[in-house]
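1. quick one, fold the following:
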Amino acid sequence: MPRKERRLFFRPLFLPGRGMSKGRNVTIGESMLTRARPGNQLLREQVYDYLQELMRTGTLVPGQAMSVSNMVKELGISRTPLREALLLLQEQGFVTILPQRGVVVNVLDIQDIKNIYEILGGIESRVLLVVFDDIGPEQFLRFEACNREMEQYLEGDILRHNLANIQFHDVFLSLSDNARMKKYVRNLKMQLYDFPRRDYGRKWNRKNLDEHNNFLELVRQGRAEDAASYLRDVHWAFDPADFLAAVSL
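-> Got it, this is the predicted structure:
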């Protein structure tokens, strides 16, 4: 039996010309809220996952305003789990809640990207030094597999390319037992790759891939300090002019 389509109506909450995108009708497939989920996952978490999926797939776009009342009605849920999910998304930087007016999907600007790069460079370089001695043959195989996949999807499936990019870094991040750090890093990368702008352009993506190879060579040589410095000062360095030149091509 074909799945029933559900419509969500996100009405504009602001007048055009004030920096907000116009509302639009969006048709989506079967809601995540209607699918069987393992265990006793809270409705709040299901709503959170559902909204993330809408942003990840581009159904909700940066700058778009959403009516909370409409979402409650269309999803068939109470305001409490929706509000809790939205508060978490706001805490993570994905949306802004405007009291009595609705919710807006945040736009990531150049300064936001620069700030995230600096934070990730500092965190990842430190983690690398801590776990460096635990990197072995298994990790090198995973590093290489991620780079091959990034190369394969460089001009094709950008979502697969971005996922392989994240997984490359996860090879050494996963060696850490700091769960809080890993969750924080994951949230930052979701902002970079999943929601605001999924495709940064072939030139920028090629630059990242080449830097992965350079970084991996330093790791192979056992040069922990040099690899950490490269990660922080080269790979996660961010020059706005270089970025704009790359993504504009």
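2. what is the longest helix that the chain contains packed up against?
-> Looking across the chain with DSSP state H, the single longest helix is helix 110-131. On a contact count with 3 or more CB pairs under 8 Å, 6 or more residues apart in numbering; DSSP states H and E, helix 110-131 meets helix 158-173, helix 179-189, helix 224-230, helix 240-247. Placement of C-beta: from N, CA and C, glycine included.
3. redo those as a markdown table? Include mean neighbour count.
-> Listed next are the helices and strands packed on helix 110-131 as a markdown table, based on neighbours: other CB atoms under 10 Å:
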| stretch | mean neighbour count |
| --- | --- |
| helix 158-173 | 19 |
| helix 179-189 | 14 |
| helix 224-230 | 18 |
| helix 240-247 | 13 |
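4. among the ones you listed, which is nearest residue 75?
-> helix 179-189 (23.5 Å; CB to CB).
5. now the closest one against helix 110-131, angle please.
-> Helix 179-189 and helix 110-131 meet at an angle of 150 degrees, taking axes from the mean of the first three to the mean of the last three CA atoms, to 10 degrees as the criterion.
6. name the helices or strands packed onto helix 179-189?
-> Applying 3+ CB pairs under 8 Å, 6+ apart, one finds that helix 179-189 makes contact with helix 110-131, helix 158-173.
7. just tell me which of the ones you listed ends up closest to residue 52.
-> helix 158-173 (13.7 Å).
8. could you check the angle the closest one makes with helix 110-131?
-> 40 degrees.
9. by contact count, what packs against helix 158-173?
-> helix 110-131, helix 137-152, helix 179-189, helix 202-220.
10. got CSV for those, with mean pLDDT too?
-> Formatted as CSV, the helices and strands packed on helix 158-173 follow (pLDDT from 0 to 100):
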stretch, mean pLDDT
helix 110-131, 96
helix 137-152, 97
helix 179-189, 93
helix 202-220, 94
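11. will you turn those into CSV that also has distance to residue 93?
-> Shown next, in CSV, are the helices and strands packed on helix 158-173 (distance: least, CB to CB, whole Å):
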stretch, distance to residue 93
helix 110-131, 8
helix 137-152, 25
helix 179-189, 8
helix 202-220, 21
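12. closest one to residue 59 among the ones you listed?
-> Residue 59 lies closest to helix 179-189 among these, at 20.2 Å (CB to CB).
13. quick one: the closest one to chain centroid distance?
-> Taking CA atoms, centre = their mean, to the nearest Å, one finds the center of helix 179-189 at 11 Å from the center of the full chain.
14. repeat that for stretch 223-238.
-> A distance of 22 Å separates the centroid of the chain from that of stretch 223-238, by CA atoms, centre = their mean.
15. straight-line length of it, end to end?
-> Start and end residues of stretch 223-238 are separated by 23 Å (CA to CA, to the nearest Å).
16. so what touches it?
-> 113-114, 117-118, 120-122, 124-126, 128-129, 132, 208, 211-212, 214-215, 218-219 (CB atoms under 8 Å, 6 or more residues apart in numbering).
17. nice, that's everything, thank you.
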